[in-house]
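S.K.: The following comprises the amino acid sequence and a computationally predicted model.
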Amino acid sequence: GPKVLQIPSHQIIDMGQMVTLNCDPVSNHLYFYWYKQILGQQMEFLVNFYNGKVMEKSKLFKDQFSVERPDGSYFTLKIQPTALEDSAVYFCASSPQGDSNTGQLYFGEGSKLTVL
Amino acid sequence: GEQVEQLPSILRVQEGSSASINCTYENSASNYFPWYKQEPGENPKLIIDIRSNMERKQTQGLIVLLDKKAKRFSLHITDTQPGDSAMYFCAASAVSGTYQRFGTGTKLQVVP
């Protein structure tokens, strides 16, 4: 089936550093999402993105967070600077648009971020 | 007013019996209700979903029920097997492109 790729699968960084998480969504999808999951807890929505713009963001999407998808390349989540509480697995998802949109999200395998 | 509540948080059942997980939502505009299974260290995988124009859907030992008036939906796993042990999440979303709100999850343990 359609696959969403995420790079890196795991990153360890020191608090205060910048990190960029990359997502390669399904090729004909137009809606993109980031979710955060702390171990054993629920999936928490961060942000969604369409047509080059942020559509909605949650309280968890702090000022230190930003997203972009320059020229149809990777959909990225940047955290600058990172904090200890940013340690989590970040899942990217995408969904198509229009009549083909069943509402189904296609999730990547996740990027595990460890902030020391 | 956008919460999705999920119960129970932990469910332990005997192999071969059925397991039921219940969710409630607040947003009356919600029209799509997926269920995900998540194994440790993996991403959530869609196992079954239901749209608001249906009340019941069944596939491969899974049944979902939707009660729009009560804003409640449920997952029923019949004839559980040890391989069904995992975290299960319900979710709800409204129109195209709106994000899915996840429930708090249910850890299902199927014991022999």
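M.R.: Nice, I can see it. No experiment lies behind these values; they were computed from the predicted model shown.
S.K.: What parts of chain A come near chain B?
M.R.: A:31, A:33, A:35, A:40-45, A:48, A:50, A:55-56, A:91, A:95, A:97-98, A:101-105, A:107-110 (CB under 8 Å from any CB of the partner chain). Heads up, the C-betas are built off the backbone N, CA and C, glycines and all.
S.K.: what about 6 Å?
M.R.: Listed as neighbours of chain B in chain A under the rule CB under 6 Å from any CB of the partner chain: A:31, A:42-43, A:45, A:48, A:50, A:91, A:101, A:103, A:107, A:109-110.
S.K.: Just give the number of residues close to residue 40.
M.R.: No chain was given, so I picked chain A. Counted by other CB atoms under 10 Å in any protein chain shown, the residues lying close to residue A:40 total 9.
S.K.: The chain in question should be chain B.
M.R.: 8.
S.K.: Wait, a helix at it?
M.R.: No. Looking at residue B:40 with DSSP: H, G, I helix; E, B strand; the rest coil, it is coil, so not inside a helix.
S.K.: which residue packs closest to residue B:59, ignoring adjacent ones?
M.R.: Using CB to CB, 6 or more residues apart in numbering or on different chains and skipping residues adjacent in sequence, the residue nearest residue B:59 is residue B:48, 5.7 Å away.
S.K.: Residue A:10 too?
M.R.: Residue A:10's closest residue in space is residue A:112 (CB to CB, 6+ apart), at 4.5 Å.
S.K.: which SSE is that neighbour in?
M.R.: Take DSSP states H and E as the rule and residue A:112 turns out to sit in strand A:111-115.
S.K.: That strand - contacts with which helices or strands?
M.R.: Using 3 or more CB pairs under 6 Å, 6 or more residues apart in numbering or on different chains; DSSP states H and E as the contact test, the elements touching strand A:111-115 are strand A:10-13.
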